[in-house]
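Chemist: The following comprises the amino acid sequence and a computationally predicted model.
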Protein chains: 4
Amino acid sequence: MRILGFNGSPRKYGNTAKLLYLALKAAEEEGAETKVFHLYDYRIEPCLGCLSDEQLACRYPCVIEDDMKQLYDEILEADGFIIATPIYWYAPSGVTKNFIDRLTAFENMIFIEGRSLLEGKVAGLIAVGNDVGAIQLLSTLGTTLNTMGMLLPPWSVAYYSKKGEVLENEQAVLDALNVGRALALAVKEEHIASWYSTKYKERLDDLKRDVFTYAEEMKRKQFSERWKAISRLLEER
Amino acid sequence: MRILGFNGSPRKYGNTAKLLYLALKAAEEEGAETKVFHLYDYRIEPCLGCLSDEQLACRYPCVIEDDMKQLYDEILEADGFIIATPIYWYAPSGVTKNFIDRLTAFENMIFIEGRSLLEGKVAGLIAVGNDVGAIQLLSTLGTTLNTMGMLLPPWSVAYYSKKGEVLENEQAVLDALNVGRALALAVKEEHIASWYSTKYKERLDDLKRDVFTYAEEMKRKQFSERWKAISRLLEER
Amino acid sequence: MRILGFNGSPRKYGNTAKLLYLALKAAEEEGAETKVFHLYDYRIEPCLGCLSDEQLACRYPCVIEDDMKQLYDEILEADGFIIATPIYWYAPSGVTKNFIDRLTAFENMIFIEGRSLLEGKVAGLIAVGNDVGAIQLLSTLGTTLNTMGMLLPPWSVAYYSKKGEVLENEQAVLDALNVGRALALAVKEEHIASWYSTKYKERLDDLKRDVFTYAEEMKRKQFSERWKAISRLLEER
Amino acid sequence: MRILGFNGSPRKYGNTAKLLYLALKAAEEEGAETKVFHLYDYRIEPCLGCLSDEQLACRYPCVIEDDMKQLYDEILEADGFIIATPIYWYAPSGVTKNFIDRLTAFENMIFIEGRSLLEGKVAGLIAVGNDVGAIQLLSTLGTTLNTMGMLLPPWSVAYYSKKGEVLENEQAVLDALNVGRALALAVKEEHIASWYSTKYKERLDDLKRDVFTYAEEMKRKQFSERWKAISRLLEER
């Protein structure tokens, strides 16, 4: 079991980094190997948006030759990862965003090989900043990773939004530890070969017809009454 | 295995409902019992915000006597649920929002019994509306359920943002089916008794000291150089 | 000049209400008449989603007969309003959400009369809650009101995310006062008859052709080089 | 009157760029000088997060010497700007995000000189991408610019979320034109010297006392009844 940590803060000693170290520690205690990467130490060029010119041009490996090559390899061999980022304007740091944009090369494999290369991996998130933007960041980023095919276990996010030493804040410390633990637990218990299935395709007409018929029944029951009420109210005006 | 569906649309025959029916169908095929609830059929009073007066006043069962009582019971006995809602101004319908607000009585049990009553249950989301607000809705709601203690499996969200019959849109149909399937798979494979652990508490000082020491080392290595650079640049002005 | 305040909290004496009172006070000092409405005191039924059945069925006055009738009238005669809401799960309270959903009857007049009845009115927002969800709430709600046609002046949002008496927090108090002031200033200086113009329609072909031609020039300059680079990199694999 | 356009797309000929060109055209027709900057052409280093080490270390001019120097100068002399960005994972491109992060040097002048250097400037937003993430992006970015002190006029956002040529979509074209027009109108009519006022500081005690007294009255009226109801319901359990 292998869980990575990506630090999107320019500081390796700040609150963001500290919570990440804690999370990885807890993952280790559950049996995971871990490794931390400070994104500011890597040359990560911005996404070129190739898929806007041609959907199939975006694929793994990405056409850009830079340090993402190493990070791509690490992610492919891992069971999941934690992204820890400072909150810059209610969103990840620009460096973290470039990293995320470049993960598209994994996700877009859906259109090449029928499967996101991130599918089924587990994700955790840590956000730190002296403001109230944590949830805006966590919700955008959580949905991003979830729609790339990743699993978000319970308690997979931690945040800290005050000034001062985060290690003094028991809640934040416990939350960060549980991010690492939850990821490891989810990996241990989780052996689902493929999460997204197209097996329904061969029966799609049947499935659609069944639902259409059922919805028509519902419409018969509800619509005339509903529309009558709306129409009557409109006419009364 | 039991998976519920909550329809937050006033229409039982519209696109929101149809995608929900599909998702529940796929869950059934994986062995789940399912049940659909049309929230507009229930009297769900708005949250009174008791915890703003007194944190421990908010608990299950909620002080309000209305149809949530029945929904609370159903949720407690289920392994997870799907919320399907129309997109009203980039957010769930008001009826759906009242339902969500009332789930606080489950989540706030953290402060009463040390555990959210939703912990470890699985969640799926469906959003339908003729606009571009789906992700705003899904991210807010996904983070809400995740921070209530629920697990979001891969491909646990589906959406449709066009006009016209959703059953004509293969991607939306497949996505909805996979929401139901993913939830069922996640329940089947998942037997983790407790996701959030406070076992770290007894070793908290050690854990904090270790990380503090490590971060201090990082600071020694990085800070003086970093600050020297920043200071020099500031002085040059 | 008339500026309204809508309190979406069940408590008329809590931090949400206090910041709203302050904002209205500052608006009064700039010459505005103000009035506060506690939404929990009004019967505001949920939106019926008529426009999903028929786009033109949603219009002012709304078909539902309830206390929104009075609030609609007040809003029509006002130059703007402030919505103050507690933060329930990173979003407005369900009661506030029902109020917002019902504003669709104003906005959808675009399709009936070519103009949102909220166009050009000014909006301010106040969010209070002991968590980090303020920005998620403010961003969703700000975008909602802005895309309904309202103007958001600088410093038109205030929030408070700590426990305890908000009046002890100078920043929150000053911010709330400035929400009211900013709205009043924006109304005083602002006399634009119509914000959204369709005057471009008669020259649309010219405008589109000009931009198309310009973009083609840019494509000629950038695309071949860009695509050559992408293709070369792809081939090297 | 001077309004700038920042293109955060790697493509100067794509839909993002086209909508930006349209918006600037409409601004010109209202009398604005305009200028477009393709952010991918500039070397914009990531924010170093100096203010996490020391709040006052972040100021204009930023310590980083790169092409932002030129962009800072342009912004200072302009009355407002439009940011146009592709939608990469429900958020601006990483390049755009680095640009935004670096604007902190303007905003943080609040703590140095008592005033954000962006205060009162007008902002518009354009987002383009073949997915449903537009509102997530626009809401985060709109709140960012608004809380930096900028004014968002009515109809100041435009988006396009389909495949294919944007110029064929009349709604998107009209919306983009109106973004430029709205900014110009807002500049023309708007001559407010200072939007955020601290004039309240000298009367802060009075203001707080008044509101406290009023809220206490409200509490006296509402709380005992409210709490009695809650307590009674709790006791009945």
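Modeler: Alright, I've got the coordinates.
Chemist: the domain parsing of chain A - what is it?
Modeler: Annotated domains of chain A cover A:2-189, A:199-236 [automatic domain parsing].
Chemist: buried sites along the last one?
Modeler: When neighbours are counted by 16 or more other C-beta atoms under 10 Å in any protein chain shown, the buried residues of domain A:199-236 are found to be A:200, A:207-208, A:211, A:214-215, A:218-219, A:222-223, A:226, A:230, A:233. Placement of C-beta: from N, CA and C, glycine included.
Chemist: my guess is A:Leu185 contacts A:Pro154, does it?
Modeler: No. Contact between A:Leu185 and A:Pro154 fails when scored by C-beta atoms under 8 Å: they sit 9.3 Å apart.
Chemist: Let me see the contact set for A:Asp79.
Modeler: The contact partners of A:Asp79, taken as C-beta atoms under 8 Å, 6 or more residues apart in numbering or on different chains, are A:1-3, A:32, A:121-122, A:187.
Chemist: Would you list the phi and psi of it?
Modeler: As for A:Asp79, its main-chain torsions (degrees, to the nearest 10) stand at phi -90, psi -10.
Chemist: so how far is chain B from it?
Modeler: 13 Å (C-beta to the nearest C-beta, to the nearest Å).
Chemist: before we move on, what about A:Pro86?
Modeler: With C-beta to the nearest C-beta as the criterion, A:Pro86 and chain B are 14 Å apart.
Chemist: Beta-bridge partners for that residue, please?
Modeler: Beta-bridge pairing for A:Pro86 (DSSP bridges): A:Val128.
Chemist: on that earlier part again, now the common contact residues for A:Leu185 and A:Pro154.
Modeler: By C-beta under 8 Å, 6+ apart, the residues touching both A:Leu185 and A:Pro154 are B:Trp195.
Chemist: between those two, which one's more packed in?
Modeler: A:Pro154 (28 against 24; other C-beta atoms under 10 Å in any protein chain shown).
Chemist: In a helix, that one, correct?
Modeler: No. Under DSSP: H, G, I helix; E, B strand; the rest coil, A:Pro154 sits outside any helix and is assigned coil.
Chemist: Could you find the closest non-adjacent residue to it?
Modeler: Nearest non-adjacent residue to A:Pro154, counting by C-beta to C-beta, 6 or more residues apart in numbering or on different chains: B:Trp195, 4.1 Å away.
Chemist: what's the neighbour count on that neighbour?
Modeler: Residues near B:Trp195, counting by other C-beta under 10 Å, number 22.
Chemist: A:Leu48 - that's part of a helix, no?
Modeler: No. Membership of A:Leu48 in a helix is not supported by three-state DSSP, which gives coil.
Chemist: and it, how far is that from C:Trp227?
Modeler: For A:Leu48, the distance to C:Trp227 equals 10 Å [C-beta to C-beta, to the nearest Å].
Chemist: now swap in A:Lys69 and tell me
Modeler: Going from A:Lys69 to C:Trp227 by C-beta to C-beta gives 22 Å.
Chemist: What segments of chain A are strands?
Modeler: With DSSP state E as the criterion, chain A has strands at A:2-7, A:33-38, A:80-86, A:122-128, A:157-160.
Chemist: How about the contacts made by A:Ser52?
Modeler: Contacts of A:Ser52 (C-beta under 8 Å, 6+ apart): D:9, D:11, D:14, D:86.
Chemist: Okay, and which of these map to helices?
Modeler: In helices, judged by DSSP state H, none of those are found.
Chemist: mind putting these in a markdown table, neighbour count and pLDDT included?
Modeler: Converted to a markdown table, those look like this (neighbours: other C-beta atoms under 10 Å in any protein chain shown; pLDDT from 0 to 100):
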| residue | neighbour count | pLDDT |
| --- | --- | --- |
| D:Ser9 | 27 | 94 |
| D:Arg11 | 24 | 90 |
| D:Gly14 | 22 | 90 |
| D:Pro86 | 27 | 96 |
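Chemist: which of those lies closest to chain B?
Modeler: D:Pro86 (13.8 Å; C-beta to the nearest C-beta).
Chemist: hey, where'd the helices end up in chain A?
Modeler: With DSSP H, the ranges of helices along chain A come out as A:15-29, A:50-53, A:68-77, A:94-102, A:104-107, A:110-113, A:134-147, A:170-189, A:204-236.
Chemist: Using a markdown table, please lay out these together with distance to B:Tyr40.
Modeler: Putting those into a markdown table (distance: least, C-beta to C-beta, whole Å) gives the following:
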| stretch | distance to B:Tyr40 |
| --- | --- |
| helix A:15-29 | 42 |
| helix A:50-53 | 40 |
| helix A:68-77 | 44 |
| helix A:94-102 | 38 |
| helix A:104-107 | 36 |
| helix A:110-113 | 36 |
| helix A:134-147 | 26 |
| helix A:170-189 | 35 |
| helix A:204-236 | 10 |
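Chemist: Including distance to B:Asp73 and mean pLDDT, could the ones you listed go into TSV?
Modeler: Below are those laid out as TSV (distance: least, C-beta to C-beta, whole Å; pLDDT from 0 to 100):
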stretch	distance to B:Asp73	mean pLDDT
helix A:15-29	35	92
helix A:50-53	48	88
helix A:68-77	43	97
helix A:94-102	41	98
helix A:104-107	40	96
helix A:110-113	40	91
helix A:134-147	29	95
helix A:170-189	28	90
helix A:204-236	25	81
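Chemist: so what's A:Leu71 up against?
Modeler: Residues counted as contacts of A:Leu71 (C-beta under 8 Å, 6+ apart) are A:6, A:37, A:42, A:44, A:99.
Chemist: I misspoke; the intended subject was A:Leu117.
Modeler: Counting by C-beta under 8 Å, 6+ apart, A:Leu117 touches A:60, A:76, A:106-107, A:109.
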